[in-house]
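In: coordinates only, sequence not included:
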């Protein structure tokens, strides 16, 4: 919960409940900022994980 209270957080949409092999997946990623000025030079990386694997 403490990370959700940071001034800038990156969140992603929840993936569909069910996927089948070969499905194309598009997930929205959002930056939420309470800062009163632009955030410059922001870089975010994500890793998708599932039972038996992951992809960065």
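Out: Ah, there it is. On a predicted model such as this, the values are computed, not experimentally measured, just so you know. Numbering: from 1, shown residues only.

In: Next, name the residue at the spatial heart of the protein.
Out: The centre of the chain sits closest to residue 12, judged by C-alpha atoms, centre = their mean, with a distance of 3.3 Å.

In: So what's the model's average confidence on stretch 11-30?
Out: Looking at stretch 11-30 alone, the average pLDDT works out to 90.

In: Was I right to think residue 45 contacts residue 56?
Out: Yes - using C-beta atoms under 8 Å, residue 45 is in contact with residue 56, at 6.9 Å. Glycine gets a C-beta too; all of them are placed from N, C-alpha and C.

In: okay, now residue 15: neighbour count?
Out: Residue crowding around residue 15 was assessed by other C-beta atoms under 10 Å; the count is 13.

In: now residue 53
Out: Counted with other C-beta under 10 Å, residues neighbouring residue 53 total 7.

In: Kindly state the beta-bridge partners for it.
Out: Residue 53 has the following beta-bridge partners by DSSP bridges: residue 50.
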